[in-house]
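Student: Here you go, sequence then predicted model.
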Amino acid sequence: MNITIVGTGYVGLVTGTTLAELGNTVYCVDIDEDKVAAMQQGVVPIYEPGLEEMFLRNIQSRRLFFTTNLNEALQKSEVIYLALPTPPGEDGSADLSYVLNVAEKIGEAMTEYKVIVNKSTVPVGTADTVRETISAVTDVPFDVVSNPEFLREGFAVEDSMNPARVIVGSESEKAREIMSKIYQPFTNTGIPIIFMDEKSSELTKYAANSFLAVKITFMNEIANYCEKVGADVDKVRLGMGSDDRIGHRFLFPGIGYGGSCFPKDVKALIKSGKKEDFNFQLLEATENVNQNQKTILVSEIENYFDGDLQDKKIAVWGLAFKANTDDIREASSLDNIRMLLEKGAEISAYDAIAEQNVRKILGDKIKYATDMYSALENADCLLIATEWSEFQNPNFEMMAEQMKNKAIFDGRNMFALEQVESTGFFYKSIGRKTIK
């Protein structure tokens with residue numbers, strides 16, 4: 001089948017490459033001419049493990065194409081996926097201007113039946129709004145489908161090729177048949193397609209992400225309470241996670257969640273609720289707790305230095321919001337760095353993957369190290385902000401040689417307490433005893 005993907009951000013590029021891998025001919029459209037030219041030459045614009053290999057394979061097999069010409073791509077395809085940004089506005093609501101602008105252009109260009117698939121994360125009722133927008137400019141028949149993505153950054157290729165389920169929101173039998181054909185390679189292997197109405201599909205995405213945000217935040221609250229009463233959060237989460245009603249995933253405490261999905265989706269669902277005179281009290285609390293959690297170690301660092309961070313050199317390991325991605329949207333590292341800079345500290349940071357994205361925001365306000373150990377040179381302490389695997393088993397002797405002062409503030413609980421106890425380091429993590 002011929003398919004057009006409008007938008008080559010994280011979701012659009014992974015979705016387009018996956019659909020090409022499933023045997024479709026896919027035309028990816030983007031307005032950024034330089035980006036399109038680079039992708040035509042085989043340059044992947046995002047970091048995602050396993051994506052480049054699949055991306056290049058499908059370009060070489062002539063199943064994956066890139067263009068800035070929306071009309072040309074539309075004429076070649078029966079199915080049009082919208083993978084466009086829906087950033088939060090100042091009030092937290094999702095900005096649908098990109099989606100609706102493209103919907104109008106599609107309507108103006110359509111000459112025959114199309115299936116318009118909302119892949120973007122959008123508020124409940126967006127399918128109706130897209131339908132109204134297109135109907136206002138054309139009499140050509142079409143259907144609008146909600147088909148939310150559930151990709152984890154760092155595992156997107158795995159999630160896209162082996163999803164737990166495929167959600168399709170449509171009450172059109174014709175559209176359902178077409179979507180079933182697209183995803184037949186999945187159903188052939190036992191992966192279910194769950195059909196529902198458009199509004200339920202749209203809400204499913206928000207509900208799933210918001211629930212995971214609540215789960216993370218609850219575990220962070222438990223971790224903070226553990227410190228008050230002398231319990232160990234590692235043992236608590238093991239006991240909790242062993243209950244199959246709860247499970248082990250998303251029970252790891254730390255310095256809050258970030259990224260492109262959880263913060264945005266929680267805000268958008270809260271705002272959508274208010275429009276219906278409904279208060280998501282649990283989500284409002286989740287958002288507040290998470291915001292405080294992100295910088296919870298700054299006060300610990302400040303206390304360690306008796307309230308004076310002026311000219312203290314602080315090394316930061318990790319800048320991405322999580323490991324295995326270059327995404328720094330809503331990254332806790334940035335909140336911590338900004339707060340530490342305001343208090344007079346100097347920052348030397350290391351993240352081989354996310355560094356370039358941080359440079360675009362912070363520029364020369366901080367120093368960038370070429371490796372994890374050089375970041376520690378003459379450092380008064382180390383803050384770990386991202387759980388990159390290369391940080392899991394460091395050479396503590398080498399660390400001690402590089403640092404002026406042996407102190408670690410671990411926002412991702414990278415080390416077992418036994419691993420640090422004999423090193424002579426001060427070690428503060430989340431929800432566990434402090435090693436002094």
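Tutor: Done, it's in.
Student: Name the helix or strand for F186, please.
Tutor: If you go by DSSP states H and E, F186 is part of helix 184-187.
Student: Helices along the stretch 51-200 of the chain, start to end?
Tutor: Remark: helices assigned in the stretch 51-200 of the chain by DSSP state H, counting those that start in this stretch are 51-60, 70-76, 97-109, 126-135, 156-161, 173-182, 184-187, 198-229.
Student: a markdown table for those helices, including distance to R338, mean pLDDT and mean neighbour count?
Tutor: For glycine as for every other residue, the C-beta is placed from the backbone atoms N, C-alpha and C. Below are the helices of the stretch 51-200 of the chain laid out as a markdown table (distance: least, C-beta to C-beta, whole Å; pLDDT from 0 to 100; neighbours: other C-beta atoms under 10 Å):
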| stretch | distance to R338 | mean pLDDT | mean neighbour count |
| --- | --- | --- | --- |
| helix 51-60 | 30 | 96 | 17 |
| helix 70-76 | 38 | 95 | 17 |
| helix 97-109 | 28 | 96 | 18 |
| helix 126-135 | 33 | 97 | 19 |
| helix 156-161 | 28 | 93 | 20 |
| helix 173-182 | 44 | 98 | 16 |
| helix 184-187 | 43 | 96 | 14 |
| helix 198-229 | 20 | 97 | 19 |
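Student: Quick check, P49 in contact with V157.
Tutor: Yes - P49 lies in contact with V157 (C-beta atoms under 8 Å); the separation is 6.8 Å.
Student: Which among the helices of the stretch 51-200 of the chain is found nearest to L238?
Tutor: Closest approach to L238 among the helices of the stretch 51-200 of the chain (C-beta to C-beta): helix 198-229, 11.9 Å.
Student: helix or strand right after that closest one?
Tutor: Next in sequence after helix 198-229, counting helices and strands by DSSP H and E, comes helix 233-241.
Student: which element follows that next one toward the C-terminus?
Tutor: On the C-terminal side of helix 233-241, the closest following helix or strand by DSSP H and E is helix 262-275.
Student: List the buried residues of that next one.
Tutor: Using 16 or more other C-beta atoms under 10 Å as the test for burial, helix 262-275 gives F262, P263, K264, D265, V266, K267, A268, L269, I270, K271, S272, G273.
Student: got it, and stretch 312-325?
Tutor: Residues 312-325 are the ones in stretch 312-325 that count as buried (16+ other C-beta under 10 Å).
Student: Now flag whichever of those residues is closest to Y27.
Tutor: Y27 has its nearest neighbour among the buried residues of stretch 312-325 in T325, at 26.0 Å by C-beta to C-beta.
Student: Give the buried residues for stretch 329-340.
Tutor: Neighbour-count burial for stretch 329-340, counted by 16+ other C-beta under 10 Å, picks out R329, E330, A331, S332, S333, L334, D335, N336, I337, R338, M339, L340.
Student: What sits closest to F426 if chain neighbours are left out?
Tutor: In space, and not counting its chain neighbours, F426 is closest to A407: 4.3 Å by C-beta to C-beta, 6 or more residues apart in numbering.
Student: and I408, what element?
Tutor: Using DSSP H and E, I408 sits in strand 407-410.
Student: Now do that strand: which elements does it pack against?
Tutor: helix 296-304, strand 381-384, strand 426-428 (3 or more C-beta pairs under 8 Å, 6 or more residues apart in numbering; DSSP states H and E).
Student: Parallel or antiparallel, which strands does that strand pair with?
Tutor: strand 381-384 (parallel), strand 426-428 (parallel) (DSSP bridges).
Student: Can you name the secondary structure element that comes next after it?
Tutor: helix 417-421.
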